[in-house]
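Engineer: Got a predicted structure here, sequence first:
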Amino acid sequence: MADFDSVTRAVIPAAGLGTRFLPATKATPKELLPIVDKPVIQYVVEEAVSAGLFDVLMVTGRTKRPLEDHFDRAIEVEGALEAKGDDQRLTAVRESTDLATMHYVRQGDALGLGHAVLCAKRHVGDHPFAVLLGDDMIDERDHLLERMIEVRARYGGSVVALMEVPTEQVSMYGVVSMEATAEDDVVRITDMVEKPPIEEAPSNWIIIGRYVLDPTVFEVLEKTPPGRGGEIQLTDALRELADRDMSGGGPVHGVLFKGRRYDTGNKLDYLRTVVRFAAERPDLAPEFVPWLREFLGNR
């Protein structure tokens, strides 16, 4: 039976090796790459907290201990800043420590997103929960996660975030078939497929890195065989739940998101994100934007 408790827990899978950013990620988790002066993962945790999710479980791997350190106290750094009277930087350092109640579990084997979510079962229990991918950022002005939690409260089951992309990009993502509901930004998912060939994609609407999941997903994931790439795909489990009613942990709805999303998992979009954030920072923009215009004008 679906559990209709309010959503208060967030799970952040962050065990990936970050091979696209080597050698920078040889010793530094990709989630700690900075967007100007704050790492990607902190933006993701801040998003969870803004939606009322103060209990955060991070699914990490053997090389990801620095993630835990980032959200822990930095006694030496704090002491040095206190001695200097540098209150502004001291506040910034302490900000990540005070954000949420952080928990950690290791994903021993890299068996896919579905397996990473399954690693959260003991911590989450029978409660609905949100999943936020650690390299996918949603602009703080676009309250996507809050809207997804509202949709879960209204319809039950699970909720995924959807974005429309050009046809040539559909084979990079999970893609859905859907039908309309009475709400313009909400659809019911009828089918989904992971990274289909362009000619077989059921739509141009892809699943992005935000989910609000019914705890029944754990039972399904435990029985889900490895799919594409030999990994346990969360998409496969959600496809099964999409066919169920509320008594069986379904259905699955989608929120059509047309806001600002920053995919920091590849170099080009990461660079775009850094430039965009710098250009909007009041402490940097007055000097950075004119320099950028001049630089581009000389190319």
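Structural biologist: All right, it came through fine. Note that the coordinates shown come from a computational prediction; the quantities given were computed from them, not determined experimentally.
Engineer: so how far does stretch 252-272 reach from one end to the other?
Structural biologist: 32 Å (CA to CA, to the nearest Å).
Engineer: swap that for stretch 125-138, please
Structural biologist: First-to-last distance for stretch 125-138 - CA to CA - comes to 27 Å.
Engineer: Just the strands from the stretch 151-299 of the chain, written as ranges.
Structural biologist: 158-164, 174-180, 186-194, 205-213, 252-256, 261-263 (DSSP state E, counting those that start in this stretch).
Engineer: Quick one, which of those gets closest to residue 36.
Structural biologist: strand 261-263 (12.4 Å; CB to CB). Any C-beta I mention is one placed from the backbone N, CA and C, and that applies to glycine too.
Engineer: Pairing partners for the closest one, with directions?
Structural biologist: Strand 261-263 has its sheet partners listed here by DSSP bridges as strand 136-138 (antiparallel).
Engineer: Need the contact partners of the strand it pairs with.
Structural biologist: 35, 40, 43-44, 47, 144-145, 208-210, 257, 259-265, 273 (CB atoms under 8 Å, 6 or more residues apart in numbering).
Engineer: Tell me the buried residues within these.
Structural biologist: 35, 40, 43-44, 47, 144-145, 208-210, 257, 261-265, 273 (16 or more other CB atoms under 10 Å).
Engineer: distance of residue 232 from residue 178?
Structural biologist: 24 Å (CB to CB, to the nearest Å).
Engineer: My reading is that residue 59 is in a helix; is that accurate?
Structural biologist: No - under the criterion used here (DSSP: H, G, I helix; E, B strand; the rest coil), residue 59 is strand, not part of a helix.
Engineer: okay if I get the strands of the stretch 151-299 of the chain as TSV plus mean pLDDT and distance to residue 88?
Structural biologist: Output for the strands of the stretch 151-299 of the chain, formatted as TSV (pLDDT from 0 to 100; distance: least, CB to CB, whole Å):
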stretch	mean pLDDT	distance to residue 88
strand 158-164	96	34
strand 174-180	93	42
strand 186-194	93	42
strand 205-213	96	32
strand 252-256	97	37
strand 261-263	92	25
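Engineer: In TSV, list these along with distance to residue 221.
Structural biologist: Formatted as TSV, those follow (distance: least, CB to CB, whole Å):
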stretch	distance to residue 221
strand 158-164	12
strand 174-180	15
strand 186-194	14
strand 205-213	10
strand 252-256	14
strand 261-263	25
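Engineer: helix, strand or coil for residue 130?
Structural biologist: strand.
Engineer: Tell me who's in contact with it.
Structural biologist: So residue 130 contacts 7, 9-11, 48, 51, 53, 145, 148-149, 210-213 (CB under 8 Å, 6+ apart).
Engineer: Just put these in TSV and tack on secondary structure and distance to residue 281.
Structural biologist: As requested, the contacts of residue 130 are exported to TSV (DSSP: H, G, I helix; E, B strand; the rest coil; distance: CB to CB, whole Å):
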residue	secondary structure	distance to residue 281
7	coil	31
9	strand	32
10	strand	26
11	strand	30
48	helix	23
51	coil	24
53	coil	26
145	helix	23
148	helix	28
149	helix	29
210	strand	25
211	strand	30
212	strand	31
213	strand	34
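Engineer: could you check the distance from residue 247 over to residue 264?
Structural biologist: 39 Å.
Engineer: er, residue 174 I mean
Structural biologist: From residue 174 to residue 264 the distance is 19 Å (CB to CB).
Engineer: Please apply the same query to residue 219.
Structural biologist: Distance from residue 219 to residue 264, by CB to CB: 32 Å.
Engineer: Which residue, other than its chain neighbours, is closest to residue 185?
Structural biologist: residue 256 (4.8 Å; CB to CB, 6 or more residues apart in numbering).
Engineer: Repeat that for residue 145.
Structural biologist: residue 51 (4.1 Å).
Engineer: The one you found is in contact with residue 146, isn't it?
Structural biologist: Yes - shown here, residue 51 and residue 146 form a contact pair, counting by CB atoms under 8 Å, at 4.9 Å.
Engineer: ok, these two, which is more surrounded?
Structural biologist: residue 51 (22 against 13; other CB atoms under 10 Å).
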